[in-house]
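**Student:** Quick check, what structure comes out for this input:
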Amino acid sequence: MSRLLAPLTRAVTYTRWLHLLVGAIIALVCGSVYPGLTRPGYGQWALMLLIPVPLLMVAAVIPVVRRAEGLQARLMLFPGAHARVEGGSGPRDAGVSVAPSASWRDRGRTAVWLVLRLWAGCAVAFVTGQLMALALELVDATSGGPADAESLIPVPGYGWAYALLVPVPPLVLLGVVALAGRLMASAALGLLGPSAAERLAALEERTEQLLERNRIARELHDSIGHALTVAVVQAGAARAAADPAFTDRALEAIEETGRAALEDLERVLLVLRESEQPASRRPTLAEANRLLDSARASGAEVDAEVLGALDTVPGPVSREGYRILQEALTNVLRHSGTVPIRVAVTVDDARLWLDVRNPLPAGSPVNGQGSGGGGGGGSGSGLRGIRERAALLGGRARTGPDEGQWRVHVELPLA
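**Tutor:** Okay, here's the model as predicted:
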């Protein structure tokens, strides 16, 4: 019983009712001009349903009409938080588009929707009037007075027993309205739903959002992971050395690395806060010395060789190259400690090469699945991130043991 009465307590039932009644207004306006609303017959009712159709067809050609109908459908057929979303379409918007018509197919669907709304609105308006008139006649029959309303369903005689029937017409009306509202909502999804082009645009936007989210996750992983690794290595080395001078240098290196990590974090957060923040603010290979100095400050011996002009590397390639180098150095410090590291950066007219090598620790498995320079043998998120960055730029990355050393070799095209 409670399930049957549930629509009576939902606001959506009444907003859909109003939406249906509004659809009948144009028929009543046309009917007041011709053929008139004074005791219309069945033929005149049919004329009131047909006369507005050409006007609706013309209105459907106007692109903005589809937007207006979509907004009304969202607000009245699907009330909720999504109804206050402006522009666009997507899962949050109940599947109803608010974009203007972009094709003749959209205009055709809008025309069908306008005619359907007209006829459904007239039918609900007629049922509303008849059932409310019947309820009033039952009230008159209960009190013994003359019937003031005109209902197609006659009420014979008078008597107090009719009082028991007075709630029946309103309940039936609400049931009809709830059913009609659900049917109109379903029709709106089909006729006012996003077109194939709109769905494709929404899918592309969603894909871009996911890619941006993954990029930000990699930024945080690389930057903060590198800083924490350097800090841990420095702190451990300072404790083991028990040398005040070395401890001072280690603390200074931790401070510099932490400050650089905070700057990187601020860049990422700025991108999140301000979507128009240019990506060019991210560090590039021109700042690679900062990474090398940080690794040296950790106690590692870094032998770096740069061939070619780094300032000629395109921005996206240079930024991703910086992060790849950062992750490679972080892996060495995390898994192998302060071992000698050889870094080679080569730039020519077509490609950028990054090569990072370090000795494998004693006892490290040959297949690279142990603790050697990136340890995880490719199963960790760091090496996977290197390969993903290279693949997104159309390049390739190889990681693994090579003649007793752990090697990260990345090749990126410049165009």
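**Student:** Quick check: residue 401 touching residue 408?
**Tutor:** No. Between residue 401 and residue 408 there is no contact under Cβ atoms under 8 Å: 11.2 Å. Bear in mind the C-beta positions are built from the backbone N, C-alpha and C, glycine included.
**Student:** can you confirm residue 353 is in a helix?
**Tutor:** No. Going by DSSP: H, G, I helix; E, B strand; the rest coil, the assignment for residue 353 is strand, not a helix.
**Student:** Quick check: the gap between it and residue 347.
**Tutor:** Using Cβ to Cβ, to the nearest Å, we find residue 353 at a distance of 8 Å from residue 347.
**Student:** okay, the two: which has more neighbours?
**Tutor:** More neighbours surround residue 347 than the other of residue 353 and residue 347, with 22 against 17 (other Cβ atoms under 10 Å).
**Student:** Contact partners for the closest residue to the more buried one other than its chain neighbours?
**Tutor:** Counting by Cβ to Cβ, 6 or more residues apart in numbering, residue 347 lies nearest to residue 308, which is 2.9 Å off, once chain neighbours are set aside. Listed by Cβ atoms under 8 Å, 6 or more residues apart in numbering, the contact set of residue 308 reads 345, 346, 347, 348.
**Student:** I'd like the distance between residue 308 and residue 19.
**Tutor:** For residue 308 relative to residue 19 (Cβ to Cβ), the value is 67 Å.
**Student:** How about residue 112?
**Tutor:** Residue 112 is 17 Å from residue 19, by Cβ to Cβ.
**Student:** neighbour-wise, which of these two wins?
**Tutor:** residue 19 (23 against 15).
**Student:** mind checking which helix or strand the more buried one is in?
**Tutor:** Assigned by DSSP states H and E, residue 19 belongs to helix 11-23.
**Student:** ok, and the closest non-adjacent residue to residue 108?
**Tutor:** residue 60 (7.6 Å).
**Student:** wait, isn't that neighbour in contact with residue 105?
**Tutor:** No. Counting by Cβ under 8 Å, residue 60 stays clear of residue 105, with 11.7 Å between them.
**Student:** and these two? which has more neighbours close in?
**Tutor:** The residue with more neighbours, out of residue 60 and residue 105, is residue 60; 22 against 12, by other Cβ under 10 Å.
**Student:** Okay, buried residues for the strand or helix carrying that one please.
**Tutor:** In this structure, residue 60 is located in helix 52-61 according to DSSP H and E. Neighbour-count burial for helix 52-61, counted by 16 or more other Cβ atoms under 10 Å, picks out 52, 53, 56, 59, 60.
**Student:** and the gap between the first one and residue 26?
**Tutor:** What that stands for is residue 52. In terms of Cβ to Cβ, residue 52 sits 5 Å off from residue 26.
**Student:** related to what we said a few turns ago, who wins on neighbours among the contacts of residue 308?
**Tutor:** residue 347 (22 neighbours).
**Student:** Could you check the pLDDT of that residue?
**Tutor:** pLDDT, residue 347: 93.
**Student:** can you give me phi and psi for it?
**Tutor:** Dihedral pair for residue 347: phi -130, psi 130, per degrees, to the nearest 10.
**Student:** so what's it up against?
**Tutor:** By Cβ under 8 Å, 6+ apart, residue 347 lies in contact with 307, 308, 309, 310, 312, 313, 353, 414.
**Student:** and which of those residues is nearest residue 43?
**Tutor:** Nearest to residue 43 out of these is residue 414 (Cβ to Cβ; 78.0 Å).
**Student:** Stretch 121-136: which residues count as buried?
**Tutor:** 121-125, 127-128, 130-131, 133-136.
**Student:** of those residues, closest to residue 46?
**Tutor:** Nearest to residue 46 among these: residue 122, at 10.4 Å, using Cβ to Cβ.
**Student:** Do I have it right that that closest one meets residue 27?
**Tutor:** Yes. Contact criterion Cβ under 8 Å: residue 122 and residue 27 qualify, at 5.1 Å.
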